[in-house]
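> Sequence first, then the predicted structure, then my questions.
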Amino acid sequence: MAKDIASLYVQEPGQIPDRTSTNDQINATDCLPCRVMGGGVFIGLGVYSYVSGKSQLRQQQAVILKSKSMFGMRSRQAGITSIAAALVGLGMYRLVN
């Protein structure tokens, strides 16, 4: 099997790569434990970033409000939530595909 994957990257000079067959062959070698581990890492990172980001915002709330910054609490909360949702979404995509 390793020989098959290595042969995908070796091309003769002047040969045009066939991207559709190469991508199909590479994705076919992705095993279930790899998908579970990759998806779990992304989901865990999303949950961690959400929990730690919210706790840091709570700790710094007085300083943020006192600073009169253009980015208030709502925009910072939205940023943390969107980053966490994107990471969880990537994890779900990794599990399914």
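It's in.
> Check the offset of the helix or strand encompassing Gly79 from the chain's centre.
Using DSSP states H and E, Gly79 sits in helix 73-96. Relative to the centre of its chain, helix 73-96 is centred 9 Å away, using Cα atoms, centre = their mean, to the nearest Å.
> Stretch 52-69 now?
The answer for stretch 52-69 is 26 Å, by Cα atoms, centre = their mean.
> Quick one: end-to-end length of that stretch, please.
End-to-end distance for stretch 52-69, by Cα to Cα, to the nearest Å: 21 Å.
> so what does the longest helix seen in the chain touch, helix or strand wise?
Longest helix in the chain by number of residues, with DSSP state H as the criterion: helix 32-59. If contacts are counted by 3 or more Cβ pairs under 8 Å, 6 or more residues apart in numbering; DSSP states H and E, helix 32-59 sits against helix 73-96. To be clear about C-beta, it is placed using only N, CA and C from the backbone, and glycine gets the same treatment.
> and the helix it packs on, C-alpha only, in CSV?
What follows is helix 73-96 as a C-alpha-only set of coordinates in CSV (Å, rounded to 0.1, in the frame of the first residue of the first chain):
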residue,chain,number,x,y,z
MET,A,73,-17.7,42.8,24.9
ARG,A,74,-20.2,41.7,22.3
SER,A,75,-17.8,41.8,19.4
ARG,A,76,-15.2,39.9,21.4
GLN,A,77,-17.7,37.3,22.5
ALA,A,78,-18.8,36.9,18.8
GLY,A,79,-15.2,36.5,17.7
ILE,A,80,-14.5,33.7,20.3
THR,A,81,-17.8,32.0,19.5
SER,A,82,-17.2,32.1,15.8
ILE,A,83,-13.7,30.7,16.0
ALA,A,84,-14.8,27.9,18.3
ALA,A,85,-17.8,27.1,16.0
ALA,A,86,-15.4,27.0,13.0
LEU,A,87,-13.1,24.6,14.8
VAL,A,88,-15.9,22.4,15.8
GLY,A,89,-17.3,22.5,12.3
LEU,A,90,-13.9,21.5,10.9
GLY,A,91,-13.9,18.6,13.4
MET,A,92,-17.3,17.4,12.3
TYR,A,93,-16.3,17.7,8.6
ARG,A,94,-13.2,15.7,9.3
LEU,A,95,-15.3,12.9,11.0
VAL,A,96,-17.8,12.7,8.1
